[in-house]
Structures are given as C-alpha cells and as structure tokens.
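J.: turn this into a model:
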Amino acid sequence: MDYRALANEYGTPLYVYDFNYFNEQYNKLKEAFGGRKSLLAYAIKANSNLSVIQNFGRQGSGADCVSIGEVRRALKAGIAPYKIIFSGVGKRDDEIREAIEADILFINAESEGELKRIEVIAKELGKEARISLRVNPNIDPQTHPYISTGLSENKFGVSLNEAKRLYLFAHNSANLNPVGIHFHIGSQLTQLEPIRESSQIVADLVRSLEKVGIEIKFFDVGGGLGVKYNNEMLIEPYDYAQAILSTLAGLDVTIVCEPGRFLTANGGHFITKVLYEKQSDKKRFVIVDGAMNDLIRPSLYNAFHKIEVLGKEGASGSTVDVVGPVCESGDFLAKNIELPETGHDDLLVVHSSGAYGFVMSSNYNTRGRAAEVAIEEGKARLIRRRETFEDVVALEESYLQ
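T.: Here you go, the predicted structure:
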C-alpha cells in the first residue's frame, strides 16, 4: 500500500481501509459456522462509514445497530430490514417506534422497563414487535473493564431469573413476539472458555423456555472476538464456532454473530505527518498532525497501536512519546515506544486503526475530522472527504446575532 501517494492525494491525518482484508475476515467467520443456519450482523459501531457497511452487505452481512442512526445507516447502505438488529440499553420512544415501523429482524431489549415501552408503542401502532432479550450470564470475559459487558455489575442485559419472567411476559403479550435471545460478554475477547461457558448458560435457558412453549428462533452470541494489536493470543474462528456449537445440541436455532472489531481493526491504518521533534530535559517527543480527537483509543483505554515511520521500518531508535496538537496532556498516540529519528513531513503509520478509530473522533479544538479512503483490488477510493472549517460550524453560524 503506497501510503505516501495516499497522503499526497488526500492529505493527513487520514484513515485508510483495506476492503479485501475486511472481506477475508468476514469469510473466515462465515465459513466457521458453515453447515449451520447463521447470520453475521456487522456491528456498525466499530466503523460506521456507509461504504464499509455497504461492502459487508454485499458479502451477505446483516447489521447490529446500537442507535436509530445506525439503523438508518444500515438501511441507506442497502442492508435488508430482516437482517437488522437494534440493540442498546437506552432507546427513546421515537427510536423504538421507528424500528418497529421499519420491520427489522428484532429489537434487542435490555431491561423490563424497555420491554414494556416496546409493548406500549407496538400496541399504539397496532403491530407485533419482534424482540430478543439480552441475557447477562455473569461471566468474567477477562478483558479491559471498560469493554466488559457480561458481569452483573455492568449496565447491560438482565439476569437469568429475570429473563425467564420477562420471556413469559412477552410470550403472553399480544404485541410482543419473543423470537431471539442474546448475550455479549465484552470486546477484545482472547479467552475461549468464558465464551463457551456463557453460551452453555444461555442455551440451557433456551431449553427451559422451550419446555413452557416459548420457541426461540435466533441465538445471538454477540461479537467481541479479539484481534492482534501487540502480542495477544487470539481465538481462531473455527475454535470460536465449535465452542458455541458444542452447547447447542438439540436446538434448532439460527446462530447470529455480531462481529465488528474482528472484521475491520487490522484492515485499517491511520496516517499522520510529523510536524517536528521536541527534546525536553527528560523526554523526546514526536509531534504529529493527528491527535486524540482523531484516534482516542490510546488516551481513553491506554490502548496500544503499533506505529512505524514510513521508509524507516525496523530502524533502530530511541524512546519517544508520539503526541498531537490538541491542548491536553492526554493527547497522545503512543507513550514510551521506540522510533528512529524523524524529520518534518515524515509519515507515521498507526496500525490496527480500522475499528473504533474514526467513529470515535470529534471536532475538539475545532479540528475537522480526517478523510477516509478505501482500497479495493489495489485501487484507492475516497469514501468520506476531510471536514472543512465550514462543515464544523455549519450548524451554528446561522444562529449568530
């Protein structure tokens, strides 16, 4: 990939996505569940560019959405309504109404209060809402606490005992149709046993529901498969699928999987330009034009991203902090990493930036968000232009007095 040519054409900072890699990852996971009824529903929150969603849709993917905006994105990108799932812990009435009217596959409810609002709104519309319940199996996913979602102390889902009661409530409601069950214990999962154990717990719940006449059609295992940022030990898609399938004996369900990071993280690269170096009494800094508003994962999670100086890969160097122009001490892309000496206009490639990169970016310090470029069969295509100052202030300037 010619990052220098891309930077010259589209400017920096810049996100570059390898769509061929995205598709290879999608097919690996799809093939792992081969022979069983399954639906891969791309988790849009990982990278919500319309062209990215459209690309996965062309592979046969559905969409896992956590806002009505993401539902709209999925529809605009061509995802069929019957492949769209609407999740999230806090849905407004207007969002629920729009999802029911769009006739999506199901709404994934995460609390009794939410389920009852869905029922009220479905009744007002004179419709039956297909729903799933997110069950919290109370399993430690052994991941970063900010992206752990499967413990009873987390805000997500309902307990097993509460789930049984709520499924009976939905089953007896004229306006609710409980077609699915869902669990998702966290992101960046690198241990197989918590996944298998969670699947077993939820599969046993499905069996107990069958005994009282509640037929679950969709067994939604969420997403969260880990990727390599540094030296993580990863779960192979085949082993992941087999761990889940081993818990489903006797159940006739469609397996729904919601990959996001797994599909896009390592196919994305963030390109940023060196402005200059600074040497303090105790620290060497490489100051670049990319910042925490462009890629916040290092500041938010202390996340590691491999960084290389283009054209100097593998060269020896010294310890540096890579920092940006934002007026915060927390504005860094890396701390205490080894880089060779850099000069003005050198390019840094920040790897594994295809998930939770651009989607978490902001206009902090009145900085326009980066452009996004797709690489397909070796050819570059702009899929989101760089924001201008006029874009950033467009929703404000008409209110000036």
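J.: next up, the contacts around Ala303.
T.: By Cβ atoms under 8 Å, 6 or more residues apart in numbering, the contact set of Ala303 is Tyr229, Arg297. No exception for glycine: its C-beta is placed from N, CA and C like everyone else's.
J.: and it, how close does it get to His269?
T.: Per Cβ to Cβ, to the nearest Å, Ala303 is found 15 Å from His269.
J.: could you do Pro325 as well?
T.: 20 Å.
J.: which of these two has more neighbours?
T.: Comparing Pro325 with His269 by other Cβ atoms under 10 Å, the one with more neighbours is His269, at 24 against 15.
J.: for that one, what is the enclosing helix or strand?
T.: Using DSSP states H and E, His269 maps to strand 268-279.
J.: next, name the residue at the spatial heart of this protein.
T.: The centroid of the chain falls nearest to Ala46 when counting by Cα atoms, centre = their mean (2.5 Å).
J.: verify the stated contact: that one with Gly268.
T.: No: between Ala46 and Gly268 there is no contact under Cβ atoms under 8 Å: 9.7 Å.
J.: give me the common contacts of the two.
T.: Listed as contacting both Ala46 and Gly268 by Cβ under 8 Å, 6+ apart are Gly354, Ala355.
J.: picking that back up, okay, now the sheet partners of the following helix or strand past the strand holding His269, with direction.
T.: Downstream of strand 268-279, the next assigned helix or strand under DSSP H and E is strand 284-288. Strand pairing for strand 284-288, determined by DSSP bridges: strand 268-279 (antiparallel), strand 318-323 (parallel).
J.: which residues of the stretch 1-150 of the chain score low on pLDDT?
T.: Within the stretch 1-150 of the chain, the stretches with pLDDT under 70 are 140-150.
J.: just to revisit the earlier point, please identify the deepest-packed of the strands paired with strand 284-288.
T.: Of all the strands paired with strand 284-288, strand 268-279 has the most neighbours on average by mean count of other Cβ atoms under 10 Å, namely a mean of 19.
J.: avg pLDDT for that one?
T.: Here strand 268-279 scores 97 as its mean pLDDT.
J.: and for stretch 217-228?
T.: Computed over stretch 217-228, the mean pLDDT rounds to 94.
J.: kindly check the end-to-end length of it for me.
T.: Stretch 217-228 has its terminal residues 33 Å apart, counting by Cα to Cα, to the nearest Å.
J.: right, and Tyr167 touches Leu209 too?
T.: Yes: counting by Cβ under 8 Å, Tyr167 touches Leu209, with 5.6 Å between them.
J.: which one of these two has more residues nearby?
T.: Neighbours around Tyr167 and Leu209, counted as other Cβ under 10 Å, are more numerous at Tyr167. The numbers are 25 against 19.
J.: sec struct for that one, please.
T.: helix (DSSP: H, G, I helix; E, B strand; the rest coil).
J.: find the residue closest to Asn47 in space, skipping its chain neighbours.
T.: Using Cβ to Cβ, 6 or more residues apart in numbering and skipping residues adjacent in sequence, the residue nearest Asn47 is Thr264, 4.7 Å away.
J.: is it correct that that neighbour is in contact with Tyr17?
T.: Yes: the criterion here is Cβ under 8 Å, and Thr264 meets it with Tyr17 at 7.2 Å.
J.: and for the two, which residues touch both?
T.: Asn47, Val52, Gly354.
J.: contacting residues around stretch 112-132?
T.: With Cβ under 8 Å, 6+ apart as the test, stretch 112-132 has contacts from 85, 89, 91, 93, 96-97, 100-101, 104-109, 133, 158, 162, 166, 169-170, 173-182, 218, 220.
J.: do that again at 7 Å, thanks
T.: Stretch 112-132 is touched from outside by 91, 93, 96-97, 100-101, 105-109, 162, 166, 170, 173, 175-182, 218, 220, with contacts defined as Cβ atoms under 7 Å, 6 or more residues apart in numbering.
J.: which among those end up buried?
T.: Among those, those classed as buried by 16 or more other Cβ atoms under 10 Å are 91, 96-97, 100, 105-109, 166, 170, 173, 175-182, 218, 220.
J.: okay, helices next: where are they in the stretch 251-400 of the chain?
T.: Secondary structure of the stretch 251-400 of the chain (DSSP state H, counting those that start in this stretch): helices located at 261-264, 297-301, 389-393.
J.: can you tell me which of the ones you listed is packed in deepest?
T.: Highest mean neighbour count among the helices of the stretch 251-400 of the chain (mean count of other Cβ under 10 Å): helix 261-264, with a mean of 29.
J.: and the nearest residue to Leu189 once chain neighbours are set aside, what does it touch?
T.: Distances taken as Cβ to Cβ, 6+ apart place Gly224 nearest to Leu189, at 4.4 Å, with adjacent residues excluded. Applying Cβ under 7 Å, 6+ apart, we find Gly224 in contact with His184, Ile185, Gly186, Ser187, Gln188, Leu189.
J.: widest-spaced pair of these?
T.: Within the contacts of Gly224, His184 and Gln188 form the most distant pair, 12.4 Å apart (Cβ to Cβ).
J.: so the two - more neighbours on which side?
T.: Taking neighbours as other Cβ under 10 Å, His184 and Gln188 compare with His184 leading, 26 against 22.
J.: count the residues that sit near Gly314.
T.: Neighbour tally, Gly314, other Cβ under 10 Å: 7.
J.: against Asp321, how distant is it?
T.: As judged by Cβ to Cβ, Gly314 and Asp321 stand 21 Å apart.
J.: same check, this time on Asn231
T.: Using Cβ to Cβ, one obtains 21 Å as the distance from Asn231 to Asp321.
J.: next: Gly354.
T.: 24 Å.
J.: kindly report the same for Thr12.
T.: Relative to Asp321, and taking Cβ to Cβ, Thr12 is found at 19 Å.
J.: and this protein, split by domain according to the record?
T.: Following automatic domain parsing, one gets these domains for the chain: 3-14+265-388, 33-259.
J.: okay, these in JSON lines with distance to Leu395 next?
T.: Formatted as JSON lines, the domains of the chain follow (distance: least, Cβ to Cβ, whole Å):
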{"stretch": "domain 3-14+265-388", "distance to Leu395": "11"}
{"stretch": "domain 33-259", "distance to Leu395": "16"}
